[in-house]
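Would you be able to build a 3D model of this:
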Amino acid sequence: MITRRCFCSSAPRPWLFVGLGNPGDKYKGTRHNVGFEMIDAFAKAQGIEMNTLNCKAIFGQGFVGDAPLLLAKPQTYMNLSGESSGALAAYYKLPLNRVIVFHDDMDLPCGVLRLQDKGGHGSHNGYEWRMLKSVIYHFRGNREFARLRIGIGKPPGQMDPKAFLLQKFNASARERIDTALQEGVEGLKLLLLKGLTESARRFNTEQKYKHIRLQTVPT
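Got it, this is the predicted structure:
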């Protein structure tokens, strides 16, 4: 088992992957829970069991090659996700350049991903703003953490964004998301092997062309 002490030794610093979502069957499969889905897809691909509770999160730990890794799905509900992610980073004494937060993004077409090294908490809708504001607050106001943004598309017509976020995907959108999850797994594996800068450059170039193909296609 990976321990806090192990992570503070001369071994490589671990990565902490935090997927955002809402707990409970009611929210399973909804657009707002794709962060959870990315964690689950990565854990399954790497044989990492998500079978413990730690800092208010469903938690797993393991290695990808020689890289130690922590996986977390906060159970605090979306707008309080920072309570869990901040506590985990503090407990394992992780610098924020070893943390990646996975979350949905309505500014990207459904199934398009972006891996960015840092940024603000967004302002295109109140739900995402509050979600990432909590994370930033519990990182002591520091925004220097990476994000994997998972595109879910925009609400159709005048649909309320909150209702859109809490809907499940239709069949075509579900297919795009499932493909994106597998692409995300491969991108994250590359990150663990090559580092954030190189992997983000490669990954985002690939996703850019996917973005161009999908940006005018309805979700």
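
residues in contact with the top helix by length along the chain?
Among the elements of type helix in the chain, defined by DSSP state H, the one spanning the most residues is helix 171-194. By CB atoms under 8 Å, 6 or more residues apart in numbering, the surrounding residues in contact with helix 171-194 are 15, 17, 34, 37-38, 41-42, 45-46, 64-65, 67, 69, 100, 102, 110-113, 115, 148, 150-153, 168-169, 199-200, 202-203, 206-207, 214, 219. C-beta here means a position set from N, CA and C on the backbone, and glycine is covered the same way.

In helices, which of these appear?
When the contacts of helix 171-194 are checked against helices using DSSP H, the ones located there are 34, 37-38, 41-42, 45-46, 199-200, 202-203, 206-207, 214.

For the residue sitting nearest the centre point of the chain, give its distance to Ser172.
Nearest to the geometric centre of the chain sits Phe102, at 1.1 Å (CA atoms, centre = their mean). Computed with CB to CB, to the nearest Å, the distance linking Phe102 and Ser172 is 22 Å.

Over to Pro23?
For Pro23, the distance to Ser172 equals 27 Å [CB to CB].

The two: which has the busier surroundings?
In terms of neighbours (other CB atoms under 10 Å), Pro23 is the more surrounded of Pro23 and Ser172; the figures are 18 against 13.

quick revisit: am I right that the residue nearest to the centre of the chain is in contact with Gly19?
Yes - using CB atoms under 8 Å as the test, Phe102 is close enough to Gly19 to be in contact (4.3 Å).
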